[in-house]
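>>> what follows is a predicted protein model with its sequence.
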Amino acid sequence: MNFKNKFSLKNRVEESSRILLKYPDRVPIICEKNNRYTGVELEKKKYLINKDVTIGNFLFYIRKNLLINEYTALFLLIGDVIPPNNSTFGLLYDVYRDLDGYLYITYSFENTFG
């Protein structure tokens with residue numbers, strides 16, 4: 001069950017507002033596996049990341065935590081967009097944040113060598 005279905009809009013807004021007041025220099029993120037793909041899942045879905053961290057850095061962190069092999073490509077999507085690796089979370093949050101105050105990221109896999 002994904003985060004939006006698990007918690008009401010009111011609860012999500014209250015939580016994200018509280019987080020943003022306490023940590024104004026960070027971005028609240030929900031990172032979930034795309035439902036169409038099978039494979040390993042992250043242990044946690046909620047992250048609080050500095051605004052100056054890039055997608056490339058976060059991709060490296062996620063890849064390391066998933067323990068996937070070098071033949072598996074990992075993609076991060078915000079909505080239906082693959083953000084550039086040099087995009088910062090501050091910029092992405094300003095453009096793509098949800099009404100509830102979170103930035104939703106989905107990840108998916110692709111086998112690169114057959």
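Perfect, I can see it now. Since the structure is predicted, the reported quantities are computational estimates derived from the model, not experimental observations. Residues are numbered from 1 along each chain as shown.

>>> longest single helix anywhere in this protein?
Among all segments of the chain classified by DSSP state H, the helix with the greatest residue count is helix 9-22.

>>> which residues touch that helix?
With Cβ atoms under 8 Å, 6 or more residues apart in numbering as the test, helix 9-22 has contacts from 3-4, 7, 26, 28, 48, 99-102. Any C-beta I mention is one placed from the backbone N, CA and C, and that applies to glycine too.

>>> show me what counts as buried in it.
For helix 9-22, the neighbour count (16 or more other Cβ atoms under 10 Å) marks 12-13, 15-16, 19-20 as buried.

>>> mean confidence for it?
The pLDDT scores in helix 9-22 average 96.

>>> tell me the gap between that helix and the middle of its chain.
For helix 9-22, the separation from the chain centroid amounts to 17 Å (computed by Cα atoms, centre = their mean, to the nearest Å).

>>> now do the buried residues in the following helix or strand past that helix.
If you walk from helix 9-22 toward the C-terminus, the next helix or strand you reach (DSSP states H and E) is strand 26-33. Residues of strand 26-33 classed as buried by neighbour count (16+ other Cβ under 10 Å): 26-33.

>>> show me what the helix or strand following strand 26-33 is packed up against.
Tracing the chain C-terminally past strand 26-33 and defining elements by DSSP H and E, one meets strand 46-50 next. For strand 46-50, the contact count by 3 or more Cβ pairs under 8 Å, 6 or more residues apart in numbering; DSSP states H and E identifies strand 26-33 as packing neighbours.

>>> neighbouring strands for the strand it packs on, and are they parallel or not?
The strands beside strand 26-33 in its sheet (DSSP bridges) come out as strand 46-50 (antiparallel), strand 103-111 (parallel).

>>> need the pLDDT of Cys31.
Looking at Cys31, its pLDDT is 95.

>>> an error on my part: the question was meant for Gly114.
pLDDT, Gly114: 53.
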